[in-house]
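Colleague: This is a predicted model, with the sequence first.
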Amino acid sequence: MKTRRNCIFSAGAIGLSFFTPSIGAAAGGPEKKAGQESNFVGATQVTATITNGARAAGIIQIDVGIYTTDAALKGQIANMAPLLRSRWRSALQDFVNRYYSFGSVPDANILGAALQRAIDPLTAPKRGRVLIQAIIIH
């Protein structure tokens, strides 16, 4: 039960980090104007199978997208969506197979780096950053 609570807590903490810009805006930070386009694009859900030995033990789901200020890349992401999802699925399954032990809390830093490496050839390094909104384990 303790590991499940830790998984839920870590997923909540990652999700909570996306609300900080709105808190900053309420505190006098930069505000988003009506009609202004978001810099977070290509949000999708990706899943992979968790195994324990030779049998399936559950699934891991992540909500992931790309943060970019490059207008040209924002337009291309919609066309690249199937390829991005495919690369993210492969990276997530590789992460689960190599780095995740059944029943533990997944390391979001290693996962984020793997997801970023998976799309760097498509988005060109430094044009788009992978952002994980949530990590959920069933």
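Modeller: On my side now, so go ahead. If you're wondering where the values come from, they're calculated on a predicted model, not measured in any experiment.
Colleague: Worst mean pLDDT across the helices and strands of the chain, which element?
Modeller: helix 20-26 (a mean of 40; mean pLDDT, DSSP states H and E).
Colleague: is residue 129 in a bridge, and if so with what?
Modeller: residue 67 (DSSP bridges).
Colleague: how close does it get to residue 113?
Modeller: In this view, residue 129 and residue 113 are 11 Å apart by C-beta to C-beta, to the nearest Å. All C-beta atoms are positioned from the backbone trio N, CA, C, and that covers glycine.
Colleague: try residue 133
Modeller: Per C-beta to C-beta, residue 133 is found 17 Å from residue 113.
Colleague: can you check residue 65 too?
Modeller: In this view, residue 65 and residue 113 are 16 Å apart by C-beta to C-beta.
Colleague: Check residue 41 too.
Modeller: Here the criterion is C-beta to C-beta. By it, residue 41 lies 20 Å from residue 113.
Colleague: And the strands in the protein?
Modeller: 40-52, 55-67, 129-137 (DSSP state E).
Colleague: quick one on the thing from earlier: of residue 65 and residue 113, who's got more company?
Modeller: For residue 65 versus residue 113, neighbours defined as other C-beta atoms under 10 Å are more numerous around residue 65 (21 against 14).
Colleague: what about the closest residue to the more buried one other than its chain neighbours, how many neighbours?
Modeller: Excluding the flanking residues, the one nearest residue 65 by C-beta to C-beta, 6 or more residues apart in numbering is residue 43, at 3.7 Å. Residue 43 has 12 neighbouring residues, counting by other C-beta under 10 Å.
Colleague: got it, and residue 125?
Modeller: Under the criterion other C-beta under 10 Å, the count of neighbours that residue 125 has is 11.
Colleague: got the contact list for residue 67?
Modeller: Contact analysis of residue 67 by C-beta atoms under 8 Å, 6 or more residues apart in numbering lists 39-40, 128-131.
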